[in-house]
Each structure stands twice: as structure tokens, then as C-alpha cells.
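Peer 1: Return atomic coordinates for the entry below.
(2 chains)
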Protein chains: 2
Amino acid sequence: MQDIKIDYTNIMAPAIGKANGLIEENFTALSFRADKIHDDLVSRRKSGDKPFYDLPYKIKEAKELIKAASTIKKNFSNMVVLGIGGSALGTTAMLTALGRPMHNFVSSRKRGGVRLFVADNIDPDEFGALLSTLKLKDTVFNVVSKSGSTAETMSQFMIVLDLLKNKLGRGWKKHLILTTDAKEGILREIADTYRLKTFVVPDGVGGRFTAFTPVCLLPAASAGIDILGMLKGAARMDERCRTGDLRKNPAYLFASIHYLQDTLKGKKMTVMMPYSYRLKDVADWFRQLWAESLGKARDIDGNPVHAGQTPIKALGATDQHSQVQLYVEGPFDKLFCLLEVESFKTEMPIPEPFEDQPGISYLGGQSLNRLIAVEKDGTEYALTTNNRPNMTIKLPEVSAHTLGQLLYMLEVATAFAGGLYRVDAFDQPGVEFGKQYAYAMMGRAGYEKKKAEYESGKSKKRLVV
Amino acid sequence: MQDIKIDYTNIMAPAIGKANGLIEENFTALSFRADKIHDDLVSRRKSGDKPFYDLPYKIKEAKELIKAASTIKKNFSNMVVLGIGGSALGTTAMLTALGRPMHNFVSSRKRGGVRLFVADNIDPDEFGALLSTLKLKDTVFNVVSKSGSTAETMSQFMIVLDLLKNKLGRGWKKHLILTTDAKEGILREIADTYRLKTFVVPDGVGGRFTAFTPVCLLPAASAGIDILGMLKGAARMDERCRTGDLRKNPAYLFASIHYLQDTLKGKKMTVMMPYSYRLKDVADWFRQLWAESLGKARDIDGNPVHAGQTPIKALGATDQHSQVQLYVEGPFDKLFCLLEVESFKTEMPIPEPFEDQPGISYLGGQSLNRLIAVEKDGTEYALTTNNRPNMTIKLPEVSAHTLGQLLYMLEVATAFAGGLYRVDAFDQPGVEFGKQYAYAMMGRAGYEKKKAEYESGKSKKRLVV
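Peer 2: The predicted structure is shown next:
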């Protein structure tokens, strides 16, 4: 069981110069505030205010999920998750990382679990195709919404419910599993009325912090993923994150580097670039975590700040042929976090068919494993030479244990970064604007006045070419 | 055959205020330079220096591709494209937009063409799984590299060649199609030696401008996509882009808005956010086009500029639950380009099973089609109310004709933006840093001195937590 590591050599001035690199004193100057933020988080954790911290220890609950998953695997070949945002991104990240590559394509024996589809959008062509492609009788739907009022998810649910009743008749109930609040909300009421199978989204755990709850763990376990291994990894990271020392706590180090590079060096974007297909969707999951937690109009005192570093997902080596030109030569406005995997599961040797072609013969006798490692080093070299701050998170391998560590570290980093930026990392007031609009325009009762207001507020004169 | 439109009402000061919105005079002030850039591009097109402009008229060549595709469809169920960057992104964009949703999952009759896999990375787990999942005898490999020296693609090719020879014996040749330079390079030599089937990457068309060449059109046609329809759409857009008038030429308008918002209003990022799953990978294709063309250290006179707006891909409605919090409340550093589809292929009505639940009953009797349209309007409203510049590209539907228009418009916009930013939009010198490094470290002959140099240049003392 190996630990993941952060190499931050190339964040510092000796590697990339003073204009873009940090110096030791930057961290020292932060340590007084860091101690206070740490103490505050520790006491909030103790008081039960931040239950996400203790999720890695819910072993009993995880074992129940594994039992449920085993029944699901017996009865169904396909699971479709109806969920969006925090109810989708963690599940997708786990599937891509720990499912078999081409998971949904291969036989059930090779997969070791259900095919898993995360339906996190309402595009009618896409959702329609999914429903018409899967055999309904082999498919279970996991509806995920804490409140039960998420418009996208509930619309999908209403469509699926109707379809199940029409096509399967009396057996429809066993094709539905609802993951929602323990006591309240529309989905809970519906579950009670129809006696549907449910799992609970724990109180006080916001959508983007639900990786280690049934929201993600039930679909993951159903797909054959080792969820206990992930929890163990998360618990191991929790151990490493107990210290308040910025330079020892990996999560605090990650957050501090981001905060210092943003506020002192103008790095308004942070690019997460895994050199591993398996970690591709971790970058997407992190994108929500960082953006929604820290992108805030007001600080905790209510003063306007318009804070928030923009997280960008990239993929190595692919994006070397798309984004690296900009990363290396463009504005000095980005910080880079490369993810490196030290050992892949497959070894792919490159044969030597073209020994007389010097332009490619050097590749023969080597391996894709070596090539992707060298290309990662090459990007690190190119970024560093061009004075672009970059760090590398090294995973000994992609496993349940390392993924658990990584996700938990990024969650703790986000909570701590909220303290550094002095914003509430756990709310999302800005999402309301669009929601209110949608309620009004879809004709929800009580929004009639708002609707009139929206309609009158629209520009009459449109500029169109 | 309807035209796509750009609505740029919410880019302007009357909609979002003077601090973030443009005024008419901004465009007027640009028109003198715009005329000169236009004249220059027109004369370069005439002289044959920018052949990408005339690709929509290569109808004879396209018909040959369709003929070839028809043979491919007869002989194979799967095509794997071995290509990266410009040799992959356009193909993927076309497949997602115009293939059937869940294309690779459904029967060949429904698909109307081969299953299409774009292998644009060298992750050994991912590539290994692809090769071991597909039935080799049903699979054709399209190797795409103009120079034939792209390390990632050529490594894949060497692996595949070996596999084909070992597993299929004498029949291996018909499983390979090479798309490469007409006369030069390693792949051309190999094709000549072994008498392999080839298609040509036209001279003077850089990787990211190859959408309307065999690079993308052969795999697209093989997957059953209407490539003549795309060319017609592109030709229609070409017609609309013949004028030098910034406010009439859609490509120039798109480019000018980006340039003005970047240089006058500090919008260092541009977010392309399609409200359509089908257009998701157009945003990824555009991301290469914009980043690699405009992200440059030096201007055309050789002066340091470190130019380049960062393109970001997002997806509606999904990212409303991930990124919109940051977009609406965070820093005023982004410009938004929403893509709207006016008519989907599928109508997905929402039934009314919960009439007594006011929190969701308003959705019943409506449709996913209406919901996604309202959510797009909601995001537009939220952005505009919070003074975030946003425009919408409206597609009457996603079809070969509209996609052809869109891709061609973005190509012309990029060429024109190169003129505005005064950079060479057609080179990519920054990609060399990492390439040289990889050559040296992989032991390519002639790079021995470089290797020693790189190794001695590395920080001995690593900072690791």
C-alpha cells in the first residue's frame, strides 16, 4: 500500500525564476493563517459540522452497499445512474479509473460487475438513444438527488418510471433504486409511497463532497469496483492530513500552492493534466470541486470578491498535440498539476519492424509505458524551461487505494482553500440564477411574477448575424 | 438548408454594462485593420498559400472517399484511427455530432457504417484493452500522420502491424490504410514498400485545419456520415465569409468579439458551451484550433507577446451543476460562446405521474427538448444579469450541413484572429520543446548530446511530500 506523493520542485523560484516561482518565505508568511484555518476545520469536524471528513470510516455502511451490489449484479447487466453534477462526476471518475478499460464493451465476466451508464444530461437525442439501446428488463436505474427536486434528474426519472410501468408492468419497482435524503424531500416521499429501495445521502455532505457516500459507492460497487479499498486509501490520506503544517500536509500544500500562485503570481487557471486515461475523469470531478467551492462573488463577511481560480481539465499525452503550444508559449496565467502513474497494469512493448528508418526506429524495442513516461517528463521539462509553475502528483499505480487517497486529498485541499480565500467552500448561491429562471419559464407554481419579470427584461432588439 | 446564426446581443454594453460590454465604436476602430487582414487572406488564398479555404470544393475527391468507405463498410465492422491532435479531434467531433448516439453500441444496420474508435493516446492500459476487445479480422486501422514521424501514432502503428502479421498472416495488408503525405515521409515510404492503401493529406494544410480532408472525411464516411453534406455546408459558410465587413462576415465577427473582449475587457478565457451532446466534441476540436493557432510567444515580427486566449470546453446542461457557479460569480475573466440547437432529432416528452408534487409536477406534460432550451436561456440570463459577455451560435439542427458551416466558420475565424493578434496562426513552435526531449530520452540517433544536456539540467534536489 503505497502513498501518493506531490513533487513541487518546479513551483519554486530556483526552478522557474522569481517572477513565476514561489520562495520559502511565501509559505512561512502563510503559516499563521494556516494554523487558524486548520484549528477551525478540526473543531468543525469534531462538532459534526463537516461530516465529509469521517466518511472513510463508514465501513459497516460500505459492506451493506457491497451486499446490495452483489444482488444488483445477480439481477441486472446494466445500471443507469440518473444524476447530475455531484451525483454523477464522482461515479464517472471511479468507473474510468477502476473499471476495466472499455468496461461497458466487454463480457460480464471480464467486467466483474454491471455495465454502468451515467446519464448526467437531458439532451433528448442522447437520453433517448440510451433508453432505446439498453434492454429494459436487464437494467436497473439508480436515481440520485438529495432534495428530489433537481429538474434534470427528476425529468429523467419521470420518463423512466413511465417506461418501466408500461413495458414491464408489475415488476417495475425492482428496477428502481433511489439515493436521496433520509427523511425529507420528494424522492423520499415517492419511495415511501411506492416502497422503493433507497439509500441515503448523509446530512451535511454537499453534492460535490459525496464521493465516499452511497451516491458514488453504490454504482461503483455494482460495477465491481473495490470500494473498501478506496475508503482505506481515503483513511490513509486523512492520517497524513492531520497536521497543520503546510509543508507536511499534502492537501494543505496543494491548496497553498494554488492560493499563492493565484494571488502572488497571477495564475488564474489551474490545469490538471493526468498522463493516464484512467485518471481523465478525476480531472473532471476536480473541476466541479474547485470551481463550485471557490468561485464566489462574496467572501465570508459578505464583501464582494469575485474569487475563483478556473480549473481546466487536460489529458496527456493527447493534449500535447492540442494545448501544450499555448501552455508553453502563451500568457503566464496558469499553474499546472500533472498526474503521473508509475506503473500501469498492461505492458505494451513496441516491436522493431523498421530498423532502417531512423525517424522511428528508436521507438522499436521500447514500450508505450516508457513513451508515456518520457512524454510526461518532456512536458514537465518544456513547462519548467519556459518558467511555467508545475507540480506532479505521483501515483505508484491507479488502484482503489491510490484513488481513495487522491480524491480525499483534493476534498481536504478544497476545504482548506476556502479558508485561504476566505469564502464559503460549501455553498453555491450562483447556481440559483439559472434555476429560478428555469422554474419560472417551465411554469412552476408561484413563479408567475418572476416569469413576467424575466420576459419583460429581455432585450427586444437582438443583434444577429 | 438553413444557415447557422450568431446572436451577440449580450456581448454589448447595453446588455451587460460598459465595464464588460463592447460598444459599436470598438468594431469601427477595428475595421481599417480588418480590411487589411481580409485583403491579405484573400490574396494568400488566391496564391494557393492557404489551401484549407478551398477544401469544401473537392467534391470529386470526396466521392472517391465515399466509394472507398463503401468497400470498408462491406469488409469491416470496426475502424480504429491511429492519430493524435489534428488527426483525431475532427474525426471525433464528426462522429459525436453525426453518428447515431451510442454509435458503437448499436447494430450495424442502425449505425449505417463501421464502429469508429479514435485511438489518440498511448496509455498502455487503454490501448491494450482496445486491441484485445476488438476482433482483429473485423477491424481496419487507419494510420494518420502527415510526416509519418509522430511518435505516439507510429508506436501504435508498429504494435498493430506486428499484431496483424502475427494473428492474420498473409491477409494483414488489407487491414491497414495510411493517410499521409503524397510523396514524402516515413509512412509514404512504408506504403510504397509494402503496397499499402493510402490517402493523401494535402500539402499546406496544417494538422488542425484538416477537417475537410481525408484525415477526417475517410473515417467519417466509413462511419456512415454524410461528408458531401458537410462540404456543402462549409461551402455555404465560405460564401458568407467572402465579405470583409466585420459585422456581416460571421467568422470575422466571431474573431473580432474574441479579440476585443480579450484585449479591451480582459477576457483571457473563452468558454464554448454547447447545449447538445452531439456538439460536445466540437468544443474539444475548437480548443486545439484556437489554442495552438493563437497561443504564441512571438508576434509575426519576432517580438515577444505571449499571446493566446485560453479556450475551455464545457457542456450544457451538465456543467450548470459544475462550472456555472464560477462562471456567474467568479472573476470577470471569461467570454462565453453558447451553442444552441433549435431542433433535436428525438422528442422526449415528460409524463405526469406526480401531479400532487408541486416541486416536480410543473415538469410533467413538457419535454426534455423544452427543458434543455429553457436551461440554456436560464444560463444566458444568469450570465447576462451578472454582466458576463456571452454570445450564442444557433444551429437550426445538428446536421452535416450545419456542422460543415460551423467548423468552416471557426477555421476562418482562427485565420482572421491570427491577423488581429499579429501572430502566425499556422505554426506551432512550442510543441518542439517536449518533442526534442522525448527524442533524446527515447534514444533517437543524433540526440545524444541533448540527452546529456537534459539530464544535467534537472534539479537534483526534489521537493516531495
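
Peer 1: For residue A:68, the count of nearby residues, please.
Peer 2: 17 (other C-beta atoms under 10 Å in any protein chain shown). Where you see a C-beta, it was placed from the backbone N, CA and C, and this is true even at glycine.

Peer 1: meant to ask about residue A:387
Peer 2: Neighbours around residue A:387, by other C-beta under 10 Å: 17.

Peer 1: Would you confirm that it contacts residue A:19?
Peer 2: Yes - Residue A:387 is within contact range of residue A:19, at 6.9 Å (criterion: C-beta atoms under 8 Å).

Peer 1: For residue A:421, which residues are in contact?
Peer 2: With contact set as C-beta atoms under 8 Å, 6 or more residues apart in numbering or on different chains, residue A:421 has these partners: A:259, A:294, A:296, A:299, A:305, A:307.

Peer 1: Spatially nearest residue to the first one, not counting backbone neighbours?
Peer 2: So that's residue A:259. residue A:420 (4.3 Å; C-beta to C-beta, 6 or more residues apart in numbering or on different chains).

Peer 1: Let me know the pLDDT of that neighbour.
Peer 2: With respect to pLDDT, residue A:420 scores 98.

Peer 1: Quickly list what's touching both of residue A:387 and residue A:19.
Peer 2: With C-beta under 8 Å, 6+ apart, residue A:387 and residue A:19 have common neighbours residue A:332.

Peer 1: Get me the contact residues on the stretch 101-250 of chain A for chain B.
Peer 2: A:101-102, A:104-106, A:120-130, A:133, A:148-149, A:151-152, A:154-156, A:158-159, A:161-162, A:186, A:189-190, A:207, A:247-248, A:250 (C-beta under 8 Å from any C-beta of the partner chain).

Peer 1: per-domain residue ranges of chain A.
Peer 2: A:5-44+A:231-421, A:53-225 (automatic domain parsing).

Peer 1: So for residue B:275, which of these sits nearest?
Peer 2: domain A:53-225 (7.9 Å; C-beta to C-beta).

Peer 1: Rounded mean pLDDT for the closest one, please.
Peer 2: 97.

Peer 1: hmm, back to that, could you redo the domains of chain A as a markdown table and give each row distance to residue A:432?
Peer 2: Supplementary listing: those in a markdown table, determined by distance: least, C-beta to C-beta, whole Å:
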| stretch | distance to residue A:432 |
| --- | --- |
| domain A:5-44+A:231-421 | 12 |
| domain A:53-225 | 13 |
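
Peer 1: Indicate which one of the ones you listed is closest to residue B:79.
Peer 2: domain A:53-225 (15.4 Å).

Peer 1: Straight-line length of the closest one, end to end?
Peer 2: 22 Å (C-alpha to C-alpha, to the nearest Å).

Peer 1: and the residue nearest to residue A:322 when sequence neighbours are not counted, what element?
Peer 2: Once flanking residues are discounted, residue A:322 sits nearest to residue B:288: 3.8 Å by C-beta to C-beta, 6+ apart. Using DSSP states H and E, residue B:288 sits in helix B:280-294.

Peer 1: Check which helices and strands that helix is in contact with.
Peer 2: The helices and strands touching helix B:280-294, judged by 3 or more C-beta pairs under 8 Å, 6 or more residues apart in numbering or on different chains; DSSP states H and E, are helix A:324-329, helix B:89-98, strand B:269-274, strand B:310-313, helix B:400-421.

Peer 1: possible to save the contacts of residue A:421 as TSV with neighbour count?
Peer 2: As requested, these are exported to TSV (neighbours: other C-beta atoms under 10 Å in any protein chain shown):
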residue	neighbour count
A:259	21
A:294	27
A:296	27
A:299	15
A:305	18
A:307	21
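
Peer 1: So which of those residues belong to helices?
Peer 2: The helices, defined by DSSP state H, take in A:259, A:294 from these.

Peer 1: List just the nearest of the contacts of residue A:421 to residue A:267.
Peer 2: residue A:259 (10.1 Å).

Peer 1: What's the separation between residue A:338 and residue A:317?
Peer 2: Noted for residue A:338: a distance of 11 Å to residue A:317, by C-beta to C-beta, to the nearest Å.

Peer 1: Find residues that contact each of those two.
Peer 2: Joint contacts of residue A:338 and residue A:317 (C-beta under 8 Å, 6+ apart) are A:275, A:376, A:379.

Peer 1: chain center to whatever helix or strand the second one lives in, what's the gap?
Peer 2: Residue A:376 belongs to helix A:368-385 when assigned by DSSP H and E. The gap between where helix A:368-385 is centred and where its chain is centred comes out at 25 Å by C-alpha atoms, centre = their mean, to the nearest Å.

Peer 1: now whichever helix or strand comes after it and helix A:280-294, what's the angle there?
Peer 2: On the C-terminal side of helix A:368-385, the closest following helix or strand by DSSP H and E is strand A:390-397. Per axes from the mean of the first three to the mean of the last three C-alpha atoms, to 10 degrees, the angle that strand A:390-397 makes with helix A:280-294 is 130 degrees.

Peer 1: what's next to stretch A:232-242, contact-wise?
Peer 2: Counting by C-beta under 8 Å, 6+ apart, residues outside stretch A:232-242 touching it are A:1, A:3-4, A:53, A:55-57, A:212, A:249-252, A:399-409, A:412.

Peer 1: so how far is that stretch off the chain centroid?
Peer 2: With C-alpha atoms, centre = their mean, you get 18 Å for stretch A:232-242.

Peer 1: filter the residues of the stretch 101-250 of chain A next to chain B to the buried ones?
Peer 2: If you count burial by 16 or more other C-beta atoms under 10 Å in any protein chain shown, the buried members of these come out as A:101-102, A:104-106, A:120-130, A:133, A:148-149, A:151-152, A:154-156, A:158-159, A:161-162, A:186, A:189-190, A:207, A:247, A:250.

Peer 1: Give the PyMOL command for selecting the buried subset of the shared contacts of residue A:338 and residue A:317.
Peer 2: Buried members of the shared contacts of residue A:338 and residue A:317, defined by 16+ other C-beta under 10 Å, are picked up in PyMOL with:
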select buried, chain A and resi 275+376+379
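
Peer 1: Now tabulate the shared contacts of residue A:338 and residue A:317 in JSON lines and tack on distance to residue A:332 and pLDDT.
Peer 2: Below are those laid out as JSON lines (distance: C-beta to C-beta, whole Å; pLDDT from 0 to 100):
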{"residue": "A:275", "distance to residue A:332": "23", "pLDDT": "98"}
{"residue": "A:376", "distance to residue A:332": "22", "pLDDT": "97"}
{"residue": "A:379", "distance to residue A:332": "17", "pLDDT": "96"}
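
Peer 1: Cross-check the shared contacts of residue A:338 and residue A:317 against chain B and keep the overlap.
Peer 2: Answer for the shared contacts of residue A:338 and residue A:317 near chain B (C-beta under 8 Å from any C-beta): A:275, A:379.

Peer 1: of the shared contacts of residue A:338 and residue A:317, closest to residue B:74?
Peer 2: residue A:275 (38.9 Å).

Peer 1: how far away is residue A:67 from chain B?
Peer 2: From residue A:67 across to chain B, the span is 29 Å (C-beta to the nearest C-beta, to the nearest Å).

Peer 1: Show the subsequent helix or strand relative to whichever helix or strand that residue is part of.
Peer 2: Residue A:67 belongs to helix A:59-75 when assigned by DSSP H and E. Note on helix A:59-75: by DSSP H and E, the next helix or strand toward the C-terminus is strand A:78-82.

Peer 1: returning to what we had before: next one: the residue nearest to residue A:259 relative to residue A:42, how far apart?
Peer 2: 16 Å.

Peer 1: So for those two, which sits in the more crowded spot?
Peer 2: In terms of neighbours (other C-beta under 10 Å), residue A:420 is the more surrounded of residue A:420 and residue A:42; the figures are 21 against 14.

Peer 1: Work out the gap between stretch A:302-319 and the centre of the chain.
Peer 2: The answer for stretch A:302-319 is 13 Å, by C-alpha atoms, centre = their mean.

Peer 1: try stretch A:348-363
Peer 2: The mean C-alpha position of stretch A:348-363 is separated from the chain mean by 38 Å, C-alpha atoms, centre = their mean.

Peer 1: Could you give the separation of stretch A:301-310 from the chain centroid?
Peer 2: The mean C-alpha position of stretch A:301-310 is separated from the chain mean by 22 Å, C-alpha atoms, centre = their mean.
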